[in-house]
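*Asks:* Need a 3D model of the sequence below.
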Amino acid sequence: MTTEIPVAKPRLVLIGNGMAGVRTLEEVLKLAPDMYDITVIGDEPWANYNRIMLSPVLAGEQTIPQIMLNDDDWYTKNGITLHKGNRVERIDRLRCEIITVDGRKFPYDRAIIATGSRAFIPPIPGANLPGVVGFRSIEDVDTMLAACKPGGHAIVIGGGLLGLEAAAGLVTHGMNVTVLHRNGNLMDRQLDQAAGRLLEQSLTDRGIKIRLNANTQNLLGTERVTGVELADGTTLPADLVVMAAGIRPNIDVALASRIHCEQGIVVDDTMLTYDPKIYSVGECVQHRKQCYGLVAPLFEQAKVCANHLARYGIAKYTGSMTSTKLKVTGIDVFSAGEIHASEEHEEIVLADAARGVYKKLILRDNRIEGAVMIGDTMDGAWYFQLMRDGTDVTAQREQLLFGQAHVGDAGHGAKARVASLPDDAEICGCNGVCKGDITKAIKEHKLFTLDEVRAHTKASASCGSCTGLVEDLLASTLGGDYSAAPSVKPMCGCTDATHDDVRTAIYRQELTTIPAIFTEMKWKTPTAAPSAVLRSTTTCSARGRTPIRTTRNHVSLTSAYTPIFKKRHLLGNSAHLGRGNKALRTARDCRRGRQICDSHRQDHRWPAHRPARGEKGSIAGCLA
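*Replies:* Below is the predicted model:
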């Protein structure tokens, strides 16, 4: 009788516990769940979280547990050994060992470097002072929240995507926020001047000050930052300075290990580095002279890398076309491809400054090569798909700017629009989920609700901007079996009241403490954490600019509240007396972004449908 000696599994070690690296492991587990003995080493004291959602966390719209993608139990269930808070120093490629800063050694047969990127801190005098922070991690968000105080001064250096999201988050905490941008329009890598001006106006309406063509000369202070000096001699007070001037690939481990790097870690089309045992994915990678900082390309890289780690050997990464969305509640921005037309291009432009809507498509030979959208971005996914596929739009040009619903499918609604998208069309940009992933999950797992889709696919589980598309997919896939989400949802499981119910009660009954709200609203769990109520009141203040001040257990209305309410509500009621265009114009004047008050929806017979992205049916609409 012979005894079989178990064969040890090859050891796979992941350096970096971020989104790209862990997505690679998820793909490996799908293809070859028992192939590797997997170890993960991350330098942050957290499991894998959605870094894209740090902006909503800063704004108080999400919590840390809500942005966790893979908790500790996920690693345990999949037999993965996780080492948190331990930074890798270098790789001994001769001995095939990964060495951490505390001297521990981890042998490997295959390794993945997924160290991501770090915030670029410009070499400005005073940049190392306390109170100067980047915006890349939970630790950065904690530092920013600790410095927040009503009436404090925050300076954001950089008017790009991250900088504007940071500014929008800080202003919700009562900070006086100024954005310094060295170029002539905001998000100049994604938006043209016309779109930049509309975005600037939207942010200014929220109380954010914008300084364009502003070059920072010096950060002032001795023990802590106290101000910012500009090149023109202007001095601005500052209790907090957020550096959002871009990111740089984190290639320290690769350089220390003598792995070939240029701007990033150089990889081939299989995501293999110059060492045949070491792969690399994510923001630290340079592929065909290109580095990527958006999630969709990173997840594409993860699939290719996993394919080769699982020994299928048939996938190839050839680069990605990217699109950008701004994650600021109430401000919809979409950009993809070219933003400026050359002599070989044509432009199709729709501009409605009164509604805050701007759309521009850039075409070459009747094929879309660029799209810029502000205010109405519902068709962004469709334009992006036409661009990726190189579709000839000659027959659609007259209706192209009005969206997919007006091209060949007029009258069939949004369900037909999303149903016509191909399976590889991206629906959820935050988590890299395509239409085919969602429809497959709906059919295989017999999903009937939005929450079930979120649990199985993560689509719509982050910023929520794709919720409408996901619900339309549910409706088109299931037909009559679709369980639509209720039009009015409770703010949390502790109450049947909605956010709007709580806001209205605070105003009308002058509730000034969290316990008073719990008692008046008949909270099911009186000892519950007040974070949801705080988010409700803070959101109302931020979106409607209602004069509300909140603390952990106190909600107060300033003396300015009453006249503002009377003035604005009378203006709103005047719309109810009119008919036709005049009434609609007045109703439109009560909107900011896509916020619509319930009274206007009812009196103008607007359909009581699921609110669109960013739309809030509440008294805040009359106070905007």
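*Asks:* Just checking the distance from the strand or helix carrying Leu58 to the centre of its chain.
*Replies:* Taking DSSP states H and E as the definition, Leu58 sits inside helix 54-59. Helix 54-59 sits 9 Å away from the centroid of its parent chain (Cα atoms, centre = their mean, to the nearest Å).
*Asks:* Kindly report the same for stretch 145-162.
*Replies:* Centroid separation for stretch 145-162 versus its chain: 18 Å, with Cα atoms, centre = their mean.
*Asks:* what about Gly436, how many neighbours?
*Replies:* Gly436: 14 surrounding residues under other Cβ atoms under 10 Å. For every residue, glycine as well, the C-beta is placed using N, CA and C.
*Asks:* pLDDT (mean, whole number) over the helix or strand hosting it?
*Replies:* Element membership of Gly436, judged by DSSP H and E, is helix 435-444. The average pLDDT within helix 435-444 is 85.
*Asks:* which of the residues in it are buried?
*Replies:* Lys435, Asp437, Ile438, Thr439, Ala441, Ile442 (16 or more other Cβ atoms under 10 Å).
*Asks:* what does that helix contact?
*Replies:* Around helix 435-444, the neighbours that count as contacts under Cβ atoms under 8 Å, 6 or more residues apart in numbering are 418, 421-427, 447, 453, 456-457, 459, 470, 473-474, 477-478.
*Asks:* about what we covered before: remind me what the helix holding Leu58 packs against, helices and strands.
*Replies:* Applying 3 or more Cβ pairs under 8 Å, 6 or more residues apart in numbering; DSSP states H and E, one finds that helix 54-59 contacts helix 138-147, helix 161-171.
*Asks:* Single out the most deeply packed of those helices.
*Replies:* Highest mean neighbour count of the helices and strands packed on helix 54-59: helix 161-171, a mean of 26 (counted as mean count of other Cβ atoms under 10 Å).
*Asks:* on that earlier part again, how about JSON lines for the helices and strands packed on helix 54-59, with distance to Lys316 and mean pLDDT added?
*Replies:* Listed next are the helices and strands packed on helix 54-59 as JSON lines, based on distance: least, Cβ to Cβ, whole Å; pLDDT from 0 to 100:
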{"stretch": "helix 138-147", "distance to Lys316": "35", "mean pLDDT": "95"}
{"stretch": "helix 161-171", "distance to Lys316": "29", "mean pLDDT": "94"}
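*Asks:* Just put these in TSV and tack on distance to Lys325.
*Replies:* Compiled in TSV, those are given as follows (distance: least, Cβ to Cβ, whole Å):
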stretch	distance to Lys325
helix 138-147	20
helix 161-171	9
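*Asks:* quick one, which of the ones you listed is nearest to Arg503?
*Replies:* Proximity to Arg503 (Cβ to Cβ) singles out helix 161-171 among the helices and strands packed on helix 54-59, at 19.0 Å.
*Asks:* Please state the offset of the closest one from the chain centre?
*Replies:* That offset, for helix 161-171, works out to 12 Å (Cα atoms, centre = their mean).
*Asks:* Just the CA coordinates for that helix, please, in CSV.
*Replies:* Output of helix 161-171 as CSV, limited to C-alpha atoms (Å, rounded to 0.1, in the frame of the first residue of the first chain):
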residue,chain,number,x,y,z
LEU,A,161,-11.0,65.5,-10.4
LEU,A,162,-9.7,64.8,-7.0
GLY,A,163,-9.3,68.4,-6.0
LEU,A,164,-12.9,69.3,-6.8
GLU,A,165,-14.2,66.2,-5.0
ALA,A,166,-12.2,67.1,-1.9
ALA,A,167,-13.5,70.7,-2.0
ALA,A,168,-17.1,69.6,-2.3
GLY,A,169,-16.6,67.3,0.7
LEU,A,170,-15.0,69.9,2.9
VAL,A,171,-17.6,72.6,2.3
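*Asks:* how near is Tyr259 to Ile99?
*Replies:* I think there's a mix-up here, since residue 259 is Ile and not Tyr. 14 Å (Cβ to Cβ, to the nearest Å).
*Asks:* typo on my end, Leu29
*Replies:* 26 Å.
*Asks:* Also Ile339?
*Replies:* 45 Å.
*Asks:* what's the answer for Gly79, then?
*Replies:* Per Cβ to Cβ, Gly79 is found 24 Å from Ile99.
*Asks:* Mind checking which of those two has more residues around it?
*Replies:* Ile99 (18 against 13).
*Asks:* contacts for the helix or strand hosting the more buried one?
*Replies:* Taking DSSP H and E as the criterion, Ile99 maps to strand 97-100. With Cβ under 8 Å, 6+ apart as the test, strand 97-100 has contacts from 13, 15, 41, 83, 86-92, 105-108, 111.
*Asks:* 6 Å instead, please
*Replies:* Applying Cβ atoms under 6 Å, 6 or more residues apart in numbering, the contact partners of strand 97-100 are Val13, Asn86, Val88, Glu89, Arg90, Ile91, Lys105, Phe106, Pro107, Tyr108.
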